[in-house]
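**Student:** need coordinates for the below:
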Amino acid sequence: MTGSSTALNPTREAVRQRLSSQWREKAAVLAFPRGAVVYYVSGRKRNGKPLNSNWFLRALQYFAVGVYAIVAFPVIVVLGVLDDWGVQVPERARKSGRVVVTGAEGSEAVWLADTLRTADRSLWVCWSHSHVAIVSAADGGEPRIIWYASGPSRPKLKPLDASLTWPDGAKVEMSITEVERDYARKSNGRP
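**Tutor:** Residues are numbered from 1 along each chain as shown. Presented below is the predicted three-dimensional model:
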């Protein structure tokens, strides 16, 4: 359950209280049910695995992209014509739980994404004025910090976007639900 009310979600309150007492600062938390982790990292496939150096597989991938482009072009044209006629095609809903990482191989963002890939699905994005963490806590389970940063090594956090950006430009974006986004809006992203 990921409701914004602590009466409806005792796990949120347990995580918030634990980190507030550990950090000795007021902490805020957002529920994040982790889904797919997508990499936009040089030297890795979108699923995070290393790229193959087999020339035949690369050629086959380029061929598949070409075929996809030929098939997708007419669909895009039809959707454009329908839009011109005023026919609205429903927008695809954001995938809650999706993690997108961009950056260089070996960056802190890529390390975090690798950690999230193997973590439990019930995660919490937690922050205070000087700390940020990702915590694993299933309903009724003990909260466990799986990633943490503070001080100058802390990435810039945008709570409404649920994104972390490091000084080297590496970035991790987490798709949260609208309920959680509203929860962050109510506090203006402050702990």
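**Student:** give the contact list for the closest residue to residue 174 other than its chain neighbours.
**Tutor:** Among residues not flanking residue 174 along the chain, residue 162 sits closest, at 4.2 Å (CB to CB, 6 or more residues apart in numbering). Backbone N, C-alpha and C define where each C-beta goes, glycine included. For residue 162, the contacting residues are 30, 32, 125, 173, 174, 175, 176, 180, by CB atoms under 8 Å, 6 or more residues apart in numbering.
**Student:** can you tell me which helices and strands the helix or strand containing residue 172 packs against?
**Tutor:** Assigning secondary structure by DSSP states H and E places residue 172 in strand 171-174. In this structure, strand 171-174 makes packing contacts with strand 99-103, helix 108-118, strand 163-165, judged by 3 or more CB pairs under 8 Å, 6 or more residues apart in numbering; DSSP states H and E.
**Student:** make a PyMOL selection of the buried ones in the contacts of residue 162.
**Tutor:** Applied in PyMOL, the following selects the buried portion of the contacts of residue 162 according to 16 or more other CB atoms under 10 Å:
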select buried, resi 30+32+125+173+174+175+176+180
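**Student:** thinking again about what came up before, and the residue nearest to residue 174, how far is that from residue 75?
**Tutor:** Applying CB to CB, to the nearest Å, one obtains 31 Å for the distance of residue 162 from residue 75.
**Student:** now swap in residue 161 and tell me
**Tutor:** If you measure residue 161 against residue 75 using CB to CB, the figure is 29 Å.
**Student:** the more surrounded of these two?
**Tutor:** residue 161 (16 against 9; other CB atoms under 10 Å).
**Student:** need the contact list for that one.
**Tutor:** Residue 161 touches residue 173, counting by CB under 8 Å, 6+ apart.
**Student:** circling back: got the helices and strands packed on strand 171-174 as a markdown table, with mean neighbour count and distance to residue 40 columns?
**Tutor:** What follows is the helices and strands packed on strand 171-174, written out as a markdown table (neighbours: other CB atoms under 10 Å; distance: least, CB to CB, whole Å):
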| stretch | mean neighbour count | distance to residue 40 |
| --- | --- | --- |
| strand 99-103 | 21 | 4 |
| helix 108-118 | 18 | 10 |
| strand 163-165 | 20 | 14 |
